[in-house]
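[1] Next come a sequence and a model predicted from it.
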Amino acid sequence: MITVRDFAQKDVAPANALTNWYIEHTAVHFAYDQASDAQFEAMWRQGSATHPWLAAEIDGAFAGYAKAGVWRDRKAYERTCETGIYIQRGFEGKGVGMALYGELLPKLRAAGFHAVVGGMTMPNPASAALHERAGFRKVAHFGQVGYKLGRWHDVGFWQITFPDSEPNQLESGNDRA
């Protein structure tokens, strides 16, 4: 049975180990350098102050996590976010991704987000299928934009919008150049 809950301190080490595995062994994550648990915890605490992070367990074992974060930092984009989902090796194909999105998307909608963007290194048929099952549609494909593991990689972007969200009422204020 899959349990999805808010990300907690106990998730920092397994989530960071999972992320670091993807950094070291794949082009799924474009970072080159692994993070320490302290660095990952700082990123979680800063990010979760404004965007939800969730963890999934199967029978008490860490099965993956989902996070939302800033898509772009200009004021006009504040109601659009980007998501990332990482599934623990051995738990792929067990419904963890859909369980995470099943909790994350309603939280984002309730928090007032209008659009959600998910990006992925291509080809990635499993991630593309997950996003499409969750209601996303492919909106962009950029060729050879990330260089890792000795070659260039394409990136695709999927998006879902919540059409009944209210327009942003916070249009005044300073914008970063």
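    Sure, I can see it.

[2] Please list all residues in contact with the residue most central in space within the chain.
    Centroid-nearest residue in the chain, with CA atoms, centre = their mean: Gly84, separated by 1.3 Å. By CB atoms under 8 Å, 6 or more residues apart in numbering, the contact set of Gly84 is Ala66, Lys67, Gly69, Gly118. Quick note: C-beta positions are derived from backbone N, CA and C, even for glycine.

[3] Derive a PyMOL selection command for the buried subset of those residues.
    The PyMOL selection below is limited to those of these classed as buried (16 or more other CB atoms under 10 Å):
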select buried, resi 66+67+69+118
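
[4] how about the nearest residue to Phe162, chain neighbours excluded?
    Spatial nearest neighbour of Phe162, excluding adjacent residues (CB to CB, 6 or more residues apart in numbering): Arg109 at 4.8 Å.

[5] Revised request: answer the last question for Gly119.
    That would be Phe157: by CB to CB, 6+ apart, it lies 4.9 Å from Gly119.

[6] Name the SS class of that neighbour, please.
    strand (DSSP: H, G, I helix; E, B strand; the rest coil).

[7] Val139 versus that one, what's the distance?
    Distance, Phe157 to Val139, by CB to CB, to the nearest Å: 6 Å.

[8] Mind checking which of those two has more residues around it?
    Phe157 (17 against 12; other CB atoms under 10 Å).

[9] In this structure that one contacts Arg137, no?
    No: taking CB atoms under 8 Å as the definition, Phe157 is not a contact partner of Arg137, at 10.1 Å.

[10] buried set for stretch 90-108?
    Phe91, Lys94, Val96, Gly97, Ala99, Leu100, Tyr101, Glu103, Leu104, Leu105, Lys107, Leu108.
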